[in-house]
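Trainee: Everything below, folded, please.
(chains A and B)
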Amino acid sequence: MTASARSPLRDWPTILLLLMAWAFWTPQSSVAHRLDECLQAARIAVAETRVEIELDLTPGADMATRFLALIDLDRDGRFSTAEGEAFADRVKNSVTVKLNGTAKLLESAVEELPPLGDIKAGTGVIRLRLTMEHPALPPGLHRVGFQNRHLPETSVYLANALVPDSKHIQVIRQHRDDTQRDYELEFSVK
Amino acid sequence: MKPRQTPASFIATVAVALTILFLAPPTLRAQGTSAVTAAKSFLATLSEAERAKAVFAFIDEVQRKKWSNLPSGIYQRNGLRLADLTKAQRESAMALLAATLSKSGYEKVWGIMEGEEKLAKPGPDSKIIFSRDEYFLSFLGQPSATDPWSIQFGGHHLALNITLAGNQGTLAPSHTAAQPARFEFEGKTIRPLGRENDLSFELINALDAAQQKQAILGAKFRDLVLGPGVDGKTIAPEGVKVSTFNEKQKQLLLDLVREWVGIVSDDLAAPKMAEVKAGLDETWFAWSGPTMPGSASYFRIQGPTVFIEYAPQSLGGDPTLHIHTIYRDPTNEYGKKYRKP
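Mentor: Numbering: from 1, shown residues only, chains lettered A, B, ... in the order given. Take a look at the predicted model:
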C-alpha cells in the first residue's frame, strides 16, 4: 500500500496517543469557582411555631453586574439597609413555602450583605432569612414544601433540613427534585 | 535469694531502652510534642516582623475562621506565604507539616499543591494566582506541649485547621480539594483524592440493592452543603444507616473516613478513628449520582462526631477532575473541646 492510498484510519493508534497526550499535558481548565451561576443554598429549620429558611446566595463573578443592578437600586455604589431589605423582599416573592399544603405568609430579613467588591469578585455570600410563623402543630406527621423560583436559568440549588432544636420534632424524610428547586420535608411532632 | 542483675545485662537493658526512645518512629512518641518542636523551630527562623504576621492570638476568632477554597487574587489569606520564605524557612515550614501530618496526609497535601502547577495560568489582567508556592502558614496561639494552639495551612483547594492540645488534636474543620484531580508528574499519575474516590465507589457497590436504594438521594448535589463559610450547622442526616452494614461494609466506610482523619499523624488520628468507630451505628452514608466508578458522584458521611462531603464541581470541564471536600466534627470544630470556656 502506497502512502497516498493509505487510509487515515490506520493511523488511529497514533491519533489516540496524541489525543491522550493532549488530555494529560494541556493545562487543565482553570475555572476555580462559579462564574456565571448563582449558588442558592437553603437550610430549612422547623421549630414548634415557626419555619425558618436560611438562604445563602453566592452569585458568580460574571453575574455581578446583574446582582448589583438588583440590589443597588439607586446606583450609588453602596448597599443601603433599605436596598438590602428590598432585595430580600424580591427573593421572598420568588419562593413559595407551604405548611401541610397551604402557603403561608413569609417574612424576609437580611442576615448579611457582603461588600460590593466581594460580589464583583464572585465571593460574596448574601444571607437572607425567610420566616413563616404558624400556630402550634398537633402531634403527628407534617410537611413543609419549599419551591425556589429565583433566577432559575442561572442558578444551582441546594436544599437541606437542619436538625430541629426541639426534641419534640423529628425529621422523617426529605424529597427533592433533581435540581433541588422543589423540596419537601416530612417531619413528626410528638 | 533473688539473683542480682549483672552489670552487663543492666547496660544492655539501658542501651535497648535508649535505642527505642531515640530511634522509634514518630508514632511511638507524642506527636503533639514533635509538632511543637517543629513549630518552634520554624518560628525561630523568622524575623520579629515575620513572626508578627504568622502568629495570632489563640482567641482570635476572626483569624480562626479566615480560610477558603478560593485562590489568591480573589481571596486574601493572612500568615506567611511560602513564596515569600527563604529556602531554609520553607524547609522548616514543610518539616512542620511533615511532623504534624501522616505520610499519606503529607503526600495528599503535596499532590493538591502540585496540581496548581497544572492549571492554565490566568491572563495578564487577572489577579488570580495558581502556584504551588501560593500557600499560607499561620498559627493561633504559641506552640505548646500543654496549652491548645492551632496551625492553619492553606491556599487554593486546601485549608487545614489543626488544633493541638497536648497529645490530642483535631483537623476539624478542614477542606481538601483537587483540580486537576488526576495529573502526571515525572511519569507517575497523581490523584490527590484518588483513594477517597476509589473507596467510595467500592463502598456504594458493596451495598445490596436495598441499602443502595436508601443511600442514593434523588437529586444532584452540585456543591458542598457545609463547605467553607458554613460553620456551626448540623443538617438532618439521610441516606442509609451504617447500622445496617455488614463488617466488610463497615470496614470500607472506616477506611474511607480515614482518608480525612488520617491526614494528621497516626497518634492523633487513632483516637479519632476509635471515636468514629464507636459511633458507627448512628452514622449515615448518602450518595448522589451514578455508581459506576469514574462517575461524577457526590457522597456524604455523617455521624455523631464526623461529617464528610465529597462533591465534584460542575463548573465547565470534567467534574471528575475538580473535586471539593469538607471534613467537620460537630462536637469539636476548631478544637472547641480543648478551649477553656
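Trainee: number of nearby residues for residue A:46?
Mentor: As a burial measure, residue A:46 scores 25 neighbours (other C-beta atoms under 10 Å in any protein chain shown). Yep, even glycine has a C-beta here, placed from its N, CA and C like the rest.
Trainee: quick one: pLDDT of it?
Mentor: What the model reports for residue A:46 is a pLDDT of 98.
Trainee: Could you pull up the contacting residues of it?
Mentor: Residue A:46 sits next to A:144, A:161, A:164, A:169, A:171, A:185, A:187 when contact means C-beta atoms under 8 Å, 6 or more residues apart in numbering or on different chains.
Trainee: Which entries in these are shared with the contacts of chain B?
Mentor: A:161, A:171 (C-beta under 8 Å from any C-beta of the partner chain).
Trainee: State the helix or strand in which the residue sitting nearest the centre point of chain A lies.
Mentor: Nearest residue to the geometric centre of chain A (C-alpha atoms, centre = their mean): residue A:40, 1.6 Å. Following DSSP states H and E, the helix or strand that holds residue A:40 is strand A:38-46.
Trainee: element containing residue A:66, please.
Mentor: Applying DSSP H and E, one finds residue A:66 within helix A:64-71.
Trainee: which non-adjacent residue is nearest residue B:163?
Mentor: Excluding its sequence neighbours, the residue lying closest to residue B:163 (C-beta to C-beta, 6 or more residues apart in numbering or on different chains) is residue B:335, at 2.8 Å.
Trainee: Run a quick neighbour tally on residue A:82.
Mentor: Residue A:82 has 10 neighbours, counted by other C-beta under 10 Å.
Trainee: before we move on, back to that, enumerate the positions of the strand holding residue A:40 that are buried.
Mentor: A:38-46 (16 or more other C-beta atoms under 10 Å in any protein chain shown).
Trainee: Give me the pLDDT value at the closest residue to residue B:63 other than its chain neighbours.
Mentor: Leaving out its chain neighbours, the residue that sits closest to residue B:63 by C-beta to C-beta, 6+ apart is residue B:56, at 4.3 Å. Note on residue B:56: pLDDT of 98.
Trainee: Then residue B:340?
Mentor: Predicted confidence (pLDDT) for residue B:340: 76.
Trainee: residues making contact with stretch A:95-103?
Mentor: A:51, A:53, A:55, A:104, A:106, A:130, A:132, A:134, A:142-150.
Trainee: Please flag which of those sit within strands.
Mentor: A:51, A:53, A:55, A:130, A:132, A:142-148 (DSSP state E).
Trainee: And those residues, which two are furthest apart?
Mentor: Distance extremes for these: the farthest pair is A:55 and A:142 at 21.2 Å, using C-beta to C-beta.
Trainee: Isn't residue B:179 up against residue B:323?
Mentor: Yes. In this structure, residue B:179 is within contact of residue B:323 by C-beta atoms under 8 Å, at 7.3 Å.
Trainee: so who does residue A:57 touch?
Mentor: By C-beta under 8 Å, 6+ apart, residue A:57 lies in contact with A:38-40, A:91, A:125-126, A:128, A:150.
Trainee: Only the buried members of the contacts of stretch A:95-103: can you turn that into a PyMOL selection?
Mentor: PyMOL command restricting those to the buried ones, with burial defined by 16+ other C-beta under 10 Å:
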select buried, chain A and resi 51+53+55+106+130+132+134+142+143+144+145+146+147+148+150
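Trainee: Strands of chain B, residue ranges please.
Mentor: Using DSSP E, the strands of chain B run over residues B:55-56, B:80-81, B:135-140, B:149-155, B:158-165, B:168-170, B:174-178, B:183-185, B:188-190, B:240-241, B:284-288, B:298-303, B:306-312, B:323-328.
Trainee: Tabulate those strands (TSV), appending distance to residue B:40 and mean neighbour count.
Mentor: As requested, the strands of chain B are exported to TSV (distance: least, C-beta to C-beta, whole Å; neighbours: other C-beta atoms under 10 Å in any protein chain shown):
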stretch	distance to residue B:40	mean neighbour count
strand B:55-56	11	21
strand B:80-81	15	20
strand B:135-140	11	24
strand B:149-155	11	25
strand B:158-165	13	24
strand B:168-170	16	24
strand B:174-178	23	25
strand B:183-185	32	16
strand B:188-190	32	12
strand B:240-241	45	20
strand B:284-288	41	22
strand B:298-303	35	25
strand B:306-312	31	24
strand B:323-328	27	24
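Trainee: now the chain, which segments are flagged as low pLDDT?
Mentor: All of this is about chain A. Low-confidence segments of chain A (pLDDT under 70): A:1-32.
Trainee: wait, I meant chain B there
Mentor: Counting by pLDDT under 70, chain B shows low-confidence ranges at B:1-33.
Trainee: Would you map the helices across it?
Mentor: Ranges of helices in chain B, per DSSP state H, are B:7-23, B:31-44, B:48-54, B:61-64, B:87-100, B:103-115, B:194-206, B:209-215, B:247-261, B:266-278.
Trainee: Same list (these) but as JSON lines, adding mean neighbour count and distance to residue B:132.
Mentor: Formatted as JSON lines, the helices of chain B follow (neighbours: other C-beta atoms under 10 Å in any protein chain shown; distance: least, C-beta to C-beta, whole Å):
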{"stretch": "helix B:7-23", "mean neighbour count": "10", "distance to residue B:132": "33"}
{"stretch": "helix B:31-44", "mean neighbour count": "20", "distance to residue B:132": "18"}
{"stretch": "helix B:48-54", "mean neighbour count": "13", "distance to residue B:132": "19"}
{"stretch": "helix B:61-64", "mean neighbour count": "15", "distance to residue B:132": "24"}
{"stretch": "helix B:87-100", "mean neighbour count": "18", "distance to residue B:132": "11"}
{"stretch": "helix B:103-115", "mean neighbour count": "19", "distance to residue B:132": "5"}
{"stretch": "helix B:194-206", "mean neighbour count": "19", "distance to residue B:132": "19"}
{"stretch": "helix B:209-215", "mean neighbour count": "14", "distance to residue B:132": "37"}
{"stretch": "helix B:247-261", "mean neighbour count": "19", "distance to residue B:132": "22"}
{"stretch": "helix B:266-278", "mean neighbour count": "18", "distance to residue B:132": "25"}
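Trainee: Now tabulate the ones you listed in JSON lines and tack on distance to residue B:306.
Mentor: Formatted as JSON lines, these follow (distance: least, C-beta to C-beta, whole Å):
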{"stretch": "helix B:7-23", "distance to residue B:306": "34"}
{"stretch": "helix B:31-44", "distance to residue B:306": "20"}
{"stretch": "helix B:48-54", "distance to residue B:306": "30"}
{"stretch": "helix B:61-64", "distance to residue B:306": "20"}
{"stretch": "helix B:87-100", "distance to residue B:306": "20"}
{"stretch": "helix B:103-115", "distance to residue B:306": "16"}
{"stretch": "helix B:194-206", "distance to residue B:306": "14"}
{"stretch": "helix B:209-215", "distance to residue B:306": "17"}
{"stretch": "helix B:247-261", "distance to residue B:306": "6"}
{"stretch": "helix B:266-278", "distance to residue B:306": "5"}
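Trainee: could you check the distance from the spatially most central residue of chain B over to residue B:162?
Mentor: The residue lying closest to the centre of chain B (C-alpha atoms, centre = their mean) is residue B:263, at 4.4 Å. For residue B:263, the distance to residue B:162 equals 9 Å [C-beta to C-beta, to the nearest Å].
Trainee: overlap in contacts of the two?
Mentor: Counting by C-beta under 8 Å, 6+ apart, the contacts common to residue B:263 and residue B:162 are B:171, B:174.
Trainee: So residue B:219 sits against residue A:182, correct?
Mentor: No. The pair residue B:219 / residue A:182 is not scored as a contact, 9.4 Å apart, by C-beta under 8 Å.
Trainee: near chain A, which residues of the stretch 51-200 of chain B show up?
Mentor: The stretch 51-200 of chain B comes close to chain A at residues B:68-71, B:74-75, B:118-122, B:128, B:130, B:156-157, B:179-180, B:183-184, as judged by C-beta under 8 Å from any C-beta.
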